[in-house]
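Student: Here's my sequence, what's the structure:
(one chain, ligands or ions: 2)
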Amino acid sequence: MINYHIHTNVSIDASGTMEDYCKVAAEQGFKYICFTNHMEIDDIAVGILDYVQSNETLEKTHNDVLRLRDEYDLDIGFGVELGYTEKYEDEIRDFSKKWPFDFVLGTVHKVFGHEVSDYGPAQKTFSKYGLETVYKEYFRVLKNAINSGIFDSIGHFDVVRKYSAPVDFSVYGKDAIECVKSIAKQGIALEANTNGFIWVGDNFPSENIFKSAFDMGIRKLTIGSDCHEPKFFDLGLDRGFRVLKLVGFKQVCVFKDRKARFVDIP
Ligand SMILES: [Zn+2]
Ligand SMILES: [Zn+2]
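Tutor: Ligands and ions are numbered 1, 2, ... in the order given. Got it, this is the predicted structure:
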């Protein structure tokens, strides 16, 4: 089994040490895991501890990964969930190269400068701009994130659905499909984020996006539960794999030194 999206107590909104997660992963028979704590480089994130990692934290995480690889029969990745903003694209790219990451997961959390993955700011943003405009802007920024060439995989592809009132696919489908095309063109991976099952009863992204991706020839996928506590470590992963298999995928990717390797879906 595989979980390539894990947050540890480095984030103030998450609990559990890397070791706690390794114990759970080993107990549950997982083979591949990757730690992907947040890093946001922008005006809003400065000073918000859960989204910014200091050099000391990154160094410690890296050293812990090296140590835990010796202690556990697990293939452990040193990763990061790196937030994308257009304004700081150069700084974000520099950061991605500065550390010896195995895996850089790219995500977009902000639309018009406000979080869409946090309940309060999301509600304010939706009521200020309207659902359609927020979706349009989200996918516009996401497309730039994909085309930036910074990331190995695109995380929670349609997370804008998380706190949104239901929006018909016809409203944003064209923009979303354009993003899938960009992923195909860039040759990067698309994440199945099983945290979506809690919020929208489906992966982020929805099954039809995976179907489009499959039809376009995309075979690079990553999968993760986006867990913030060890007790939720494997949340939704069985369902996530089931959806991928139904669509026709047979493998997902794991990463070492930013290079993808395919492993069979269990
Ligand atoms: Zn995220
Ligand atoms: Zn995450």
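Student: Tell me which residue of the stretch 1-150 of the chain lies closest to ligand 2.
Tutor: Ligand 2 sits closest to Glu81 of the stretch 1-150 of the chain, with a gap of 4.7 Å, by CB to the ion. In short, each C-beta sits where N, CA and C put it, glycine included.
Student: what is that residue paired to in the beta sheet?
Tutor: Counting by DSSP bridges, Glu81 is bridged to His38, Leu105.
Student: pretty sure it is touching Met39, no?
Tutor: Yes: using CB atoms under 8 Å, Glu81 is in contact with Met39, at 7.0 Å.
Student: For those two, work out which one has more neighbours and name it.
Tutor: Glu81 (27 against 21; other CB atoms under 10 Å).
Student: Return the distance of that one relative to Thr194.
Tutor: Distance, Glu81 to Thr194, using CB to CB, to the nearest Å: 15 Å.
Student: now Val247
Tutor: Using CB to CB, Val247 is found at 15 Å from Thr194.
Student: Between the two, tell me which one has more neighbours.
Tutor: Per other CB under 10 Å, whichever of Val247 and Thr194 has more neighbours is Thr194, with 26 against 18.
Student: Please list all residues in contact with the nearest residue to the more buried one once chain neighbours are set aside.
Tutor: Using CB to CB, 6 or more residues apart in numbering and skipping the chain neighbours, the partner closest in space to Thr194 is Gly236 (3.0 Å). Contact analysis of Gly236 by CB atoms under 8 Å, 6 or more residues apart in numbering lists Thr194, Asn195, Gly196, Phe197, Ile198, Asn203, Ser225.
Student: near ligand 2, which residues of the stretch 1-150 of the chain?
Tutor: Selection of the stretch 1-150 of the chain residues close to ligand 2 by CB under 5 Å from the ion yields Glu81.
Student: which residues does the one residue in the stretch 101-250 of the chain that gets nearest to ligand 2 contact?
Tutor: The stretch 101-250 of the chain approaches ligand 2 most closely through Asp226 (4.3 Å), counting by CB to the ion. Contacts of Asp226 were listed using CB under 8 Å, 6+ apart, and they are His5, His7, Gly155, His156, Asn193, Thr194, Asn195.
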